[in-house]
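Colleague: quick check, what structure comes out for this input:
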Amino acid sequence: MNPEQASQANNSQDQVSELLAGIYRERVGIVNDMAELRNMIMPHLEPYIRAMLTASGITEFQAKTMIFYGLGCYHLDEFERYPLLTLFGETGTGKSEAMKQLIKLLPRWKLIESKATYTDLAKGLNKQTIIVIEEADSLKPQDRCEGLLQDRTQKANRKTIIHLPSSQIVLEIDNWGATIIHKRESFNDIATRNRSIIIKTEKRVGYWQDMDVDTADFVEIGNHIMPDSSRIFEGILLEERVSNRTLDMWRPVIKVAEACGDLNYLVTCKEMLKKEMLKVTADDEPLTVATQALISAYYGEVDANHEPDYTKNIKLSKVTEACKNNLLVNMSSQKIKGNLRELGYEIRFYMGNFWVAADAQKNEELEHRLQ
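Modeller: Model prediction:
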């Protein structure tokens, strides 16, 4: 980094500190303490962030999310919930390479091969604190396998009774810990998506580069940070009305980021999580997925003021696309159409396309309810 870049970075960090201190003046001492932490820890994490970026089509924010997730794996006993980490994207976007860079840094982990059956998965998860699954789309049957992965995210569900279909054996497994997977297809169950942090990889110009980095600094930081005592930013997010469900899944990453003093990441995370609530649904409300997809589709066509125009009709295909690409849930256009009609929306066929008729009042009420 040259002097000019260093000056810009410092100015950017000062602006972030001023922003937080201005909004939460009683916490200005905490902000200063975090700046000290940042200066001590973040330079040592920079090589691992760069390795992630050069190996795959992800952003710096996504690379840091993976790094903080990995550091949290050294403190699993301190958390009641630990989300799935899902690398999601097309072939050739660097999912496997990003995963390889991360698992180099982790304490003991176990690989579950692709095409594993439900029985293979259940036995593989038993008493393993960190699991890596390649090609998770090939797990069969998907619904039952996703159920095991959901249970794994909550410590309270760690003792799981399962029925192995091939041998009719009833088995108790200890199923709790971190889980890193990569997928090309959307989740079958919205509840699995809700328990996952999604890293969407993208294609990019140029060549991937596999950097070999010394893991010693990462292990040292992992063993010595104290995420359990980092609670300030969690409180800020609650004040910002980020939903408890969203916060439950992001809490480990947020607490680790705070323990590392990365204010820039946390401010970006705050804005992202306020939008993330549009992707989170209650597991017992089957119609909510369709409404989320509808609101998300409108946000995909925002005007210059970054506000959705609920007075316009929207193509049903846009809603289906938002369901798959934004919510990462497989739901047919026929199913979405039926759900929206059940909720009182009018679906019209015009010029060769199905359209969801505009209902500004209903959409605004739905968005408010989701928030």
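Colleague: show me what whichever helix in the chain runs longest is packed against.
Modeller: Using DSSP state H to define each element, the chain has its longest helix at helix 28-55. Secondary-structure packing of helix 28-55 (3 or more C-beta pairs under 8 Å, 6 or more residues apart in numbering; DSSP states H and E): helix 3-23, helix 60-72, helix 95-103, helix 216-224, helix 263-276. (C-beta placed from N, C-alpha, C; glycine too.)
Colleague: going by mean pLDDT, which of those helices comes out lowest?
Modeller: Here the helices and strands packed on helix 28-55 differ in mean pLDDT, and the lowest is helix 3-23 at a mean of 47.
Colleague: how many other residues sit next to E78?
Modeller: Residues near E78, counting by other C-beta atoms under 10 Å, number 14.
Colleague: not counting sequence-adjacent ones, nearest residue to it?
Modeller: In space, and not counting its chain neighbours, E78 is closest to D228: 4.4 Å by C-beta to C-beta, 6 or more residues apart in numbering.
Colleague: if I look at the one you found, how far off is S138?
Modeller: 37 Å (C-beta to C-beta, to the nearest Å).
Colleague: now R108
Modeller: 24 Å.
Colleague: who has more neighbours, those two?
Modeller: Neighbours around R108 and S138, counted as other C-beta under 10 Å, are more numerous at S138. The numbers are 15 against 8.
Colleague: now stretch 341-354, how far from the centre of its chain.
Modeller: Relative to its parent chain, stretch 341-354 has a centroid offset of 32 Å by C-alpha atoms, centre = their mean, to the nearest Å.
Colleague: show me where the stretch 101-250 of the chain has its helices.
Modeller: 118-125, 142-152, 190-194, 216-224, 232-239, 244-259 (DSSP state H, counting those that start in this stretch).
Colleague: any idea which of those helices scores lowest on pLDDT?
Modeller: Ranked by mean pLDDT, the helices of the stretch 101-250 of the chain end with helix 232-239 at the bottom, a mean of 77.
Colleague: thinking again about what came up before, run the chain-centre distance for the longest helix of the chain.
Modeller: The chain centroid and the centroid of helix 28-55 are separated by 20 Å under C-alpha atoms, centre = their mean.
Colleague: having no further points to raise, I will conclude here.
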